[in-house]
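**Q** Output the structure for:
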Amino acid sequence: QVQLVESGGGLVQAGDSLRLSCAASGRTFSIYRMAWFRQAPGEEREFVAAIRWSGGSPLYADSVKGRFTISRDNAKNMGYLQMNSLKPEDTAVYYCAANGQFRSTYNVGASYDYWGQGTQVTVSS
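**A** Now for the predicted structure:
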């Protein structure tokens, strides 16, 4: 089992930056990929970004490409989502997710085994 805890959410203005953190514990050696998803009120959960725990090229949703950066620090068992040039449409609860094996689809929630509780990000205009 892997436990995930997000932090770093908050209320910011459009154009500001925010960094979310995801602390992983438990069987972290078994993590294959870590991802971030988000869910706005009344909307379906949406893929944001993903990265292999061992490294490699990150993957992004088109809506955040060029503004968000996903990273991880294996030594600290931490994942991060740096969010720049935030827009009101980025307002959502952001969730950290991880899986323990390769899955061919990285951008759907069903490909992930472990989830954090979420952290609220609100961007005012």
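**Q** show me the contacts for the nearest residue to residue 113 once chain neighbours are set aside.
**A** Excluding its sequence neighbours, the residue lying closest to residue 113 (Cβ to Cβ, 6 or more residues apart in numbering) is residue 99, at 4.9 Å. Every residue, glycine included, has its C-beta placed from N, CA and C. By Cβ atoms under 8 Å, 6 or more residues apart in numbering, residue 99 lies in contact with 31, 32, 33, 111, 112, 113, 114.
**Q** Any idea what the residue sitting nearest the centre point of the chain is bridged to?
**A** Centroid-nearest residue in the chain, with Cα atoms, centre = their mean: residue 36, separated by 2.0 Å. Note on residue 36: beta-bridge partners residue 49, residue 96, judged by DSSP bridges.
**Q** And the strands in the chain?
**A** 2-7, 10-13, 18-26, 33-39, 46-52, 59-60, 68-73, 78-83, 92-99, 114-115, 119-124 (DSSP state E).
**Q** Quick one: closest of the ones you listed to residue 105.
**A** Smallest distance to residue 105 across the strands of the chain (Cβ to Cβ): 9.6 Å, for strand 46-52.
**Q** Dump that closest one to PDB, keeping only the CA atoms.
**A** Taking Å, rounded to 0.1, in the frame of the first residue of the first chain, the C-alpha atoms of strand 46-52 are listed here in PDB:
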ATOM      1  CA  GLU A  46      -9.500  15.700 -15.200                       C
ATOM      2  CA  PHE A  47      -6.000  14.600 -15.900                       C
ATOM      3  CA  VAL A  48      -3.300  17.300 -15.300                       C
ATOM      4  CA  ALA A  49       0.100  15.800 -15.500                       C
ATOM      5  CA  ALA A  50       2.100  12.500 -14.900                       C
ATOM      6  CA  ILE A  51       5.600  11.400 -14.400                       C
ATOM      7  CA  ARG A  52       7.300   8.100 -14.000                       C
END
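**Q** Which other helices and strands does it contact?
**A** Judged by 3 or more Cβ pairs under 8 Å, 6 or more residues apart in numbering; DSSP states H and E, the packing partners of strand 46-52 are strand 33-39, strand 59-60, strand 68-73, strand 78-83.
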